[in-house]
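K.L.:
the sequence and its predicted three-dimensional model are supplied below.
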Amino acid sequence: MSKNFYETLGVPKNASDETIKKAYRKLARKWHPDINPGNKEAERKFKEISHAYACLSKKDKRALYDEFGEEGLRAGFDADQAREYGQWEKYRQEAPGRTESEFGRYHSYEDVFGDLFGFGGGARSGAGTTVTSKGTDLEHDMSIDLVSALRGFQTTLSIQRPDACPQCQGSGMDPKSQMSTCPACSGSGRINVAQGPIQFTKACPQCNGHGSIGKTCRHCDGSGQVLGTERINVTIPQGVKEGSKVRVAGKGEPGLHGGPPGDLYLVTHIKPHPLLERKGDDLYMEVPVTVREAMTGGTITIPSIDGNINLKVPPKSQSGQTLRLKGKGAAKLKTKKKGDLMVKLVVKVPKTDDEEILEAVKKMDRFYEGDLRKDIRL
């Protein structure tokens, strides 16, 4: 994977979320394996841009990456402890005459490493020990019509995502080749990235944290991953809205060296509906009524998410008047409590030249009180 996610997507470090999304979509279309069948280079580039976008599209992950690099994305990384160590190291360098015991509770490599990655005192990766980590989470956009989003549904999706290479089990090395200790990390799988009595480490780039090297796996070109297609069953809960994220556990990128896979997040985008509009948890609908229904009142049947329902139109209703139906709106994702359905009445006048109707309408004019447009002023 690329060392610089911004360069991978071809955007500046201060790029907006929308700029990052547009860049990703453009590159994904260009390098998608379906468009470049059998092209290993295209497959590699597609994995790179997907990995970069999975980080930069999330504000929390992007902030960690900007501050700590890829090390900050590791499972169990504690940003507060890393900042505390940075302050400790800065203070130590500014006061070289002081002893280590005067700089707080960090007295050894194991203390810092354990706090940052949740290992506890003394739990570190020794020579020949493979360091595992959780796979990267993935995001996919999903377009849903409004009615389906309000009702919820189950569906089956075909997704393309990186899987651990079946030939090398994700190591990137040919399992049939003779393995030897990695000279860069002496078999530990880690290299130092900070100087001083306490040192941070990262996965060795030469052996990818495996501690040993051999011939590159031909099946995955040494990446440890191949692009696979999988059909998964997904439940979209009722009430999802624009930008909602539906988590599908364990369907992200595979973990490093046997670590658990990441998760897949489906980002929902709601298509506009010709009759319904959602505002918060309330739904809005316009319903036509006749002149008689508006004047004398009555009960009309209208559609809703729960099926057809009866709506009482009060006598002397005006065009544009809004009636509220409690509990007939959109469901909240967490509580499942529903909002309201707001029905706007629109009085429709018949299109006719019938003399009897026109004469009756003229008689209606004398029942209006004053000038209807007296308050219409610019």
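P.N.:
Nice, I can see it. This is a predicted model, so every value here is computed, not measured.
K.L.:
CA atoms of stretch 261-275 as CSV?
P.N.:
This file holds the C-alpha atoms of stretch 261-275, laid out as CSV (Å, rounded to 0.1, in the frame of the first residue of the first chain):
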residue,chain,number,x,y,z
PRO,A,261,-11.1,-8.7,9.5
GLY,A,262,-12.4,-5.1,9.5
ASP,A,263,-16.0,-4.2,9.1
LEU,A,264,-18.0,-3.1,6.0
TYR,A,265,-20.1,0.1,6.3
LEU,A,266,-22.9,0.7,3.8
VAL,A,267,-23.5,4.4,3.4
THR,A,268,-27.1,5.0,2.4
HIS,A,269,-28.1,7.6,-0.2
ILE,A,270,-31.9,8.2,-0.4
LYS,A,271,-33.5,8.8,-3.8
PRO,A,272,-36.1,11.5,-3.9
HIS,A,273,-39.8,10.4,-4.0
PRO,A,274,-42.5,12.1,-6.2
LEU,A,275,-45.0,12.3,-3.3
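K.L.:
skipping its backbone neighbours, what lies nearest residue 6 in space?
P.N.:
Leaving out its chain neighbours, the residue that sits closest to residue 6 by CB to CB, 6 or more residues apart in numbering is residue 13, at 5.2 Å. C-beta: built from backbone N, CA, C; applies to glycine.
K.L.:
my guess is that neighbour contacts residue 66, does it?
P.N.:
Yes - using CB atoms under 8 Å, residue 13 is in contact with residue 66, at 7.2 Å.
K.L.:
more neighbours, those two?
P.N.:
Higher neighbour count among residue 13 and residue 66: residue 66, with 14 against 11, using other CB atoms under 10 Å.
K.L.:
does that one touch residue 6 like I think?
P.N.:
No - judged on CB under 8 Å, residue 66 makes no contact with residue 6 at a distance of 9.3 Å.
K.L.:
identify the contacts common to these two.
P.N.:
residue 13 (CB atoms under 8 Å, 6 or more residues apart in numbering).
K.L.:
any idea which element the residue nearest to residue 6 lies in?
P.N.:
Here residue 13 is covered by no helix or strand, with elements defined by DSSP states H and E.
K.L.:
separation between it and residue 217?
P.N.:
34 Å (CB to CB, to the nearest Å).
K.L.:
in a helix, residue 253, correct?
P.N.:
No - read with DSSP: H, G, I helix; E, B strand; the rest coil, residue 253 is coil and lies in no helix.
K.L.:
neighbours around the residue lying closest to residue 168 once chain neighbours are set aside, how many?
P.N.:
Leaving out its chain neighbours, the residue that sits closest to residue 168 by CB to CB, 6+ apart is residue 217, at 3.9 Å. The local packing of residue 217 (other CB under 10 Å) involves 23 other residues.
K.L.:
do residue 369 as well
P.N.:
5.
K.L.:
you'd agree it is in a helix?
P.N.:
No - counting by three-state DSSP, residue 369 is not found in a helix; it is coil.
K.L.:
who's in contact with it?
P.N.:
Residue 369 neighbours (CB under 8 Å, 6+ apart): none.
K.L.:
can you give me the neighbour number for residue 371?
P.N.:
Neighbour tally, residue 371, other CB under 10 Å: 8.
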